[in-house]
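> fold the following for me, if possible:
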Amino acid sequence: MVEIVLPGVLVEYGSGVLPLPLNIVAFQFNPESITRTLHLPATGAGSDPERNARRREHAQISAPPLESFEITAHFSAADDLGKGGAASAIPRLFGVGPQIAALEKMAYPSEGLISGLIGEAIDAIGDALGGNDDGATRSVPRKPAPRILFIWGPSRLVPVHIKSMSIIENKYDALLNPVQAEVRIGLEIPNAPPRGDSVAEGALTYTATVKDAQAILNLAKAVEIAIDVIPF
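Predicted structure coming up:
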């Protein structure tokens, strides 16, 4: 029986009444490791009496830890090129460029790249007409960050923000399209979903519920071990 391995997926979805997927990138090769970091909230520095009061109380934190993690995704055009037919048409023309472009798009605000080009065009027209910088420049409305889900199997479904992206193109074809690439992506899980984002809220609740269930299973196992270890 052939074992089916689920690919990790990044999904960008819309903000309308029906949050349909706008962009999907499935990892061609799942990362072999994920480096996760929990950033604990720092306690504010206060006077000595305040510190003494805190020592007399149980330790308290005002917010949950902020989780960030880094993954490395690998892409290669070799698999699709070997299939032949229609499956190899896109990699023959563009290599792994489409996958890289889809990932890069997730790092930009909605229409961020287009809006930037429009702003530059307005400035250039103003300069050509002899206007000053203040008159030529037009403010471009800020766009919200893309809404992205990171799906890593049935037990991990979380909203993420892309904090960093490093792209290494390893090999090229005759048209200088990248045929192999390595993309290092830094992701951050928000403590609270954006207002009105029911998808992110549901994903955080679901994943937290799965973690609670796993912690309970571990507790049941730990109790069995504790009976043999604790001498009283």
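> and whatever helix or strand Ile216 lives in, which residues are buried?
In this structure, Ile216 is located in helix 198-229 according to DSSP states H and E. By neighbour count on 16 or more other CB atoms under 10 Å, the buried set for helix 198-229 is 199-200, 203-204, 207. C-beta: built from backbone N, CA, C; applies to glycine.
> want to throw those into TSV with pLDDT and distance to Ala215?
Supplementary listing: those in TSV, determined by pLDDT from 0 to 100; distance: CB to CB, whole Å:
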residue	pLDDT	distance to Ala215
Val199	93	25
Ala200	94	22
Ala203	96	19
Leu204	95	16
Thr207	96	13
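> name the SS class of Asp79, please.
Secondary structure, DSSP: H, G, I helix; E, B strand; the rest coil: Asp79 is helix.
> about what we covered before: the helix holding Ile216 - contacts with which helices or strands?
Helices and strands touching helix 198-229, by 3 or more CB pairs under 8 Å, 6 or more residues apart in numbering; DSSP states H and E, are strand 147-151, strand 157-172.
> and those strands: which comes nearest Ser15?
strand 147-151 (6.2 Å; CB to CB).
> so what's the residue count around the closest residue to Leu204 other than its chain neighbours?
In this structure, Leu204 finds its nearest non-sequential neighbour in Pro193, 6.1 Å apart by CB to CB, 6 or more residues apart in numbering. By other CB atoms under 10 Å, 17 other residues sit near Pro193.
> from what I see, Pro193 and Pro159 are in contact.
Yes: taking CB atoms under 8 Å as the definition, Pro193 is a contact partner of Pro159 at 6.1 Å.
> so what's in contact with those two at the same time?
200, 204 (CB atoms under 8 Å, 6 or more residues apart in numbering).
> if we can go back for a sec, may I see the helices and strands packed on helix 198-229 organised as JSON lines, with mean pLDDT and distance to Val25 added?
Shown next, in JSON lines, are the helices and strands packed on helix 198-229 (pLDDT from 0 to 100; distance: least, CB to CB, whole Å):
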{"stretch": "strand 147-151", "mean pLDDT": "96", "distance to Val25": "10"}
{"stretch": "strand 157-172", "mean pLDDT": "96", "distance to Val25": "11"}
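> can you tell me how far Lys171 is from Val96?
10 Å (CB to CB, to the nearest Å).
> shared neighbours, the two?
With contacts taken as CB under 8 Å, 6+ apart, Lys171 and Val96 have 178-180 as neighbours in common.
> if we can go back for a sec, and the residue nearest to Leu204, that one's in a strand?
No: counting by three-state DSSP, Pro193 is not part of a strand but coil.
> so how far is Phe150 from it?
Separation of Pro193 from Phe150 (CB to CB): 14 Å.
> for Thr35, which non-adjacent residue is spatially closest?
Per CB to CB, 6+ apart, closest to Thr35 is Glu70, 4.9 Å.
> and the strand or helix carrying the one you found, average pLDDT?
If you go by DSSP H and E, Glu70 is part of strand 66-76. Here strand 66-76 scores 95 as its mean pLDDT.
> gap between that strand and the chain center?
Distance of strand 66-76 from the chain centroid (CA atoms, centre = their mean, to the nearest Å) equals 8 Å.
> buried stuff in that strand?
Counting neighbours by 16+ other CB under 10 Å, the buried set in strand 66-76 is 67-76.
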